Structures are given as C-alpha cells and as structure tokens.
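**Student:** build the 3D model from these lines:
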Amino acid sequence: MSDDGPGAERRVQRYRREAVRLPVRISSIDAEVDPETGKPFFLTAEEMCADISRGGAFIMTQEPPRPGARLLVELELPGGEAVQTVARVAWTRVRFPSEGSDVQTGFGLEFLGGARRHLAAIERFVNGPTPAKLRTPGKGPAATPGAGPSA
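**Tutor:** Purely as a prediction, here's the structure:
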C-alpha cells in the first residue's frame with residue numbers, strides 16, 4: 001500500500017528536518033502474520049535513514065512495512081549518541097527506479113515516544129551546526145541523499 005496520491009509530496013512539515021545518511025535498525029513491536037503460513041513473525045531489519053526530524057524520519061528500503069505498523073527504531077547520531085524511539089509507519093512510497101529519478105522507495109515514520117533525552121538528542125542534532133551532520137557514525141563524510149518527506 002502506498003500513499004502516493006495527488007499532493008502526497010506536499011505534506012506540511014511540523015518540524016525542521018535534516019538530510020542524513022545514517023544506518024538504522026528497525027524492529028516490529030506487533031507481530032505480523034505470514035500470508036502463506038498464517039504464522040506470526042517479527043520484523044527486524046538494518047536500513048538507511050535519509051532524513052530525520054524531531055517528529056519522524058524517512059527510511060530507505062525496498063520493502064516498507066505496512067502503514068500503521070509500530071516499530072522500535074534504533075540509530076546512532078553523528079557524535080556517537082545512541083537513540084531509541086517508538087514510531088509508527090505514517091506512509092509508504094514504492095517506486096520503480098527510472099533513469100534520472102532521485103525519488104527513493106521507503107517509508108515515513110512518525111515518532112510516537114521514547115526517552116526524553118533521546119528525543120532531545122534528535123532535536124539538538126537537527127538544529128545544531130552543520131559539520132557534525134556530514135559524517136556517518138564510524139565512517140567518513142556521508143553523501144547527502146535526495147531526501148523524501150518525513151513526518
């Protein structure tokens with residue numbers, strides 16, 4: 001399911017967002033059901049965060065979770081601060097790659113909660129000085145992706 005209808009790219013942003021390239025670990029909180037076997041399972045994946053704000057993030061992936069799914073999100077901000085939040089999948093975007101297109105397949109997360117210090121760390125990062133934002137934790141300078149909308 002995708003939220004790509006008319007006006008999908010013109011969402012109003014409540015929080016300032018920052019284009020990043022950060023590894024992120026996502027884990028489902030509620031069990032999913034395998035459509036073939038009917039058995040419950042939990043999703044755990046390592047993906048890439050393309051932008052982040054105090055309100056949410058855009059996660060690049062070829063297999064977005066279903067809208068409404070609740071996830072535990074774990075990432076490390078440049079500077080080394082580890083952050084964990086609970087989030088819900090607000091929308092998904094699935095596109096076939098086309099030549100010259102910088103539109104990424106993935107999903108938007110809305111942060112629902114977490115430790116006050118973790119949410120404050122995200123806010124400090126987004127509103128802080130630019131040089132710290134250019135490095136992926138444990139790596140050299142990061143490329144700035146064509147970021148998708150975030151919650």
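
**Student:** going by C-alpha atoms from here, please, whenever you check contacts or count neighbours.
**Tutor:** OK.

**Student:** would you agree residue 15 falls within a strand?
**Tutor:** No: when DSSP: H, G, I helix; E, B strand; the rest coil is applied, residue 15 is found to be coil, with no strand at that position.

**Student:** in which helix or strand would I find residue 122?
**Tutor:** Residue 122 belongs to helix 116-127 when elements are defined using DSSP states H and E.

**Student:** give me the buried positions along that helix.
**Tutor:** Along helix 116-127, the positions that meet the burial threshold by neighbour count (16 or more other CA atoms under 10 Å) are 118, 119, 121, 122, 123, 125, 126.

**Student:** swap in stretch 44-51?
**Tutor:** Of the residues in stretch 44-51, those buried by neighbour count under the rule 16+ other CA under 10 Å are 47, 48, 49, 50, 51.

**Student:** what do you get for stretch 46-65?
**Tutor:** Residues of stretch 46-65 classed as buried under the neighbour-count rule (16+ other CA under 10 Å) are 47-61, 64-65.

**Student:** tell me where the model's unsure across the chain.
**Tutor:** The model of the chain has pLDDT under 70 over residues 1-13, 96-103, 130-151.

**Student:** ignoring the adjacent residues along the chain, who's closest to residue 46?
**Tutor:** residue 25 (4.6 Å; CA to CA, 6 or more residues apart in numbering).

**Student:** shouldn't the one you found be in contact with residue 43?
**Tutor:** No: at 10.4 Å, residue 25 does not count as touching residue 43 under the criterion of CA atoms under 8 Å.

**Student:** neighbour count: the two, which is higher?
**Tutor:** The residue with more neighbours, out of residue 25 and residue 43, is residue 25; 18 against 13, by other CA atoms under 10 Å.

**Student:** excluding its backbone neighbours, what's nearest residue 76?
**Tutor:** If you skip the residues right next to it in sequence, residue 76 has residue 82 as its closest partner in space, 4.3 Å away by CA to CA, 6+ apart.

**Student:** same question, residue 47
**Tutor:** Leaving aside its sequence neighbours, residue 47 sits nearest to residue 24 (CA to CA, 6+ apart; 5.3 Å).
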